[in-house]
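Peer 1: Here's my sequence, what's the structure:
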Amino acid sequence: GATMAARSALQRCARLTTSATAPRPAAPSAANEWHLPHVLRLEQSLVDLTGRTLRADGARVRTAEDARMLAEDTSLVVVSHGAESPEPVFNYATAAALDLWEATWDPFVRTPSRFSAEAVERAERQQLLDAVTAQGFIDRYAGVRISTKGKRFRITGAVVWNVKDEEGRHAGQACTFLKDEVEPLGP
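Peer 2: Here you go, the predicted model:
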């Protein structure tokens, strides 16, 4: 049924996006400072809009070690997509996010973010993103998403926000929530 159709769509997407020519970010590592510049951009945008930081303890991400701890976090989901047009593609995910979406880094950052929702949920997801674009952020968002293997889950308590680059230009959107608050759903 719907799960098989969603899995098929995700597999088609993976084939399409794997052949994409646009360079995608490498997995976070010491060699790329755990994507510290990107994480700082995500966090500064979140702080500017909400006054909150990415870390649960309220401390700011400042160093590559802080970025490593975030990237390897298994309880805090943080994902972001760029501002590609017409279809934004994921460009960051914590370990918790990769586990939840049942993905590894390389295929995930080649996936258009719309494929994180089932086809029937995409209109609702687009309304959310349009509201975030207009308002800057949405707090306490809840919605159904789908893993790369077709497993459905409901996220709750999510913050979704616009990401700005260092010049204040729109650079994408990001989302964060606690993995423990995710509700698994049936197929």
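
Peer 1: Show me what the longest strand seen in the chain is packed against.
Peer 2: Assignment by DSSP state E gives strand 152-164 as the longest strand of the chain. Contacting strand 152-164 under the criterion 3 or more CB pairs under 8 Å, 6 or more residues apart in numbering; DSSP states H and E are the following elements: helix 36-50, helix 122-135, strand 137-146, strand 170-178, strand 183-184. Every residue, glycine included, has its C-beta placed from N, CA and C.

Peer 1: which parts of the third one are buried?
Peer 2: If I follow you right, that is strand 137-146. F137, I138, Y141, G143, V144, R145, I146 (16 or more other CB atoms under 10 Å).

Peer 1: Using CSV, write down the CA coordinates of that strand.
Peer 2: Once non-C-alpha atoms are left out, strand 137-146 reads as follows in CSV (Å, rounded to 0.1, in the frame of the first residue of the first chain):
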residue,chain,number,x,y,z
PHE,A,137,10.2,29.9,12.6
ILE,A,138,7.5,27.6,13.9
ASP,A,139,7.6,26.2,17.4
ARG,A,140,6.1,23.0,18.7
TYR,A,141,5.5,21.6,15.2
ALA,A,142,4.1,18.0,14.9
GLY,A,143,3.8,16.0,11.7
VAL,A,144,4.2,12.6,10.1
ARG,A,145,7.5,11.7,8.4
ILE,A,146,8.8,8.5,6.7
